[in-house]
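1. Predicted model follows, preceded by the sequence.
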Amino acid sequence: MDESSVLIRGLDAAVVKRLNTKAKQMHLSRNELIIQILENAVSHDLFAATEEKYQALSNHYMQAFEQVVKDNTQALRRNTDTDLQVLKLLDGVFDDDGDAETEE
């Protein structure tokens, strides 16, 4: 038996029959079908694990991005408030200057 051969003992006869039927439909030997099933199962598990890691990483970066947006929004609000205060002060200065020029 070579490395790619599969030997399973104690398998239910109904399962063996279904494997034989499926293998015949796919033009494979039962052994080839079992190998494909096992390889697909392992590949699926690896893909699922990779997908979970990707989701966790994606969530982490999304949270970091949301925090940056929140921080930037707060900074913009502070700058806007400061600009409005400066404008009020300047309006007061120019209003006073405007009155003084009119008197001359």
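-> Great, that's in hand. Note that the structure is a prediction, hence the values are computed from the model and not measured. Residues are numbered from 1 along each chain as shown.

2. where do the helices sit along this structure?
-> 13-25, 30-103 (DSSP state H).

3. Minimum distance to Leu7: which of those has it?
-> helix 30-103 (8.8 Å; C-beta to C-beta). All C-beta spots, glycine's among them, are computed from the backbone N, C-alpha and C.

4. any idea which of the helices of the chain scores lowest on pLDDT?
-> Ranked by mean pLDDT, those bottom out at helix 30-103, with a mean of 89.

5. could you say what helices and strands that one packs with?
-> helix 13-25 (3 or more C-beta pairs under 8 Å, 6 or more residues apart in numbering; DSSP states H and E).

6. Would you mind giving the orientation angle of the helix it packs on with respect to helix 30-103?
-> 80 degrees (axes from the mean of the first three to the mean of the last three C-alpha atoms, to 10 degrees).

7. Which residue lies nearest the spatial centre of the chain?
-> Ser58 (3.3 Å; C-alpha atoms, centre = their mean).

8. Tabulate the helices of the chain (CSV), appending distance to Leu7.
-> What follows is those, written out as CSV (distance: least, C-beta to C-beta, whole Å):
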stretch, distance to Leu7
helix 13-25, 13
helix 30-103, 9
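
9. between those helices, which one is nearest to Ser5?
-> helix 30-103 (6.1 Å).

10. Give me the distance from the closest one to the chain's centre.
-> Its chain's C-alpha centre and that of helix 30-103 lie 14 Å apart, by C-alpha atoms, centre = their mean, to the nearest Å.

11. Please identify which of the helices of the chain is closest to Val6.
-> Comparing the helices of the chain by C-beta to C-beta, helix 30-103 comes nearest, at 4.7 Å.

12. Next, count neighbours for Leu33.
-> Look at Leu33: counted by other C-beta atoms under 10 Å, it has 19 neighbours.

13. tell me the contacts of the residue lying closest to Val16 once chain neighbours are set aside?
-> In space, and not counting its chain neighbours, Val16 is closest to Arg30: 7.7 Å by C-beta to C-beta, 6 or more residues apart in numbering. Counting by C-beta atoms under 8 Å, 6 or more residues apart in numbering, Arg30 touches Val16, Leu19, Asn20, Ala23.
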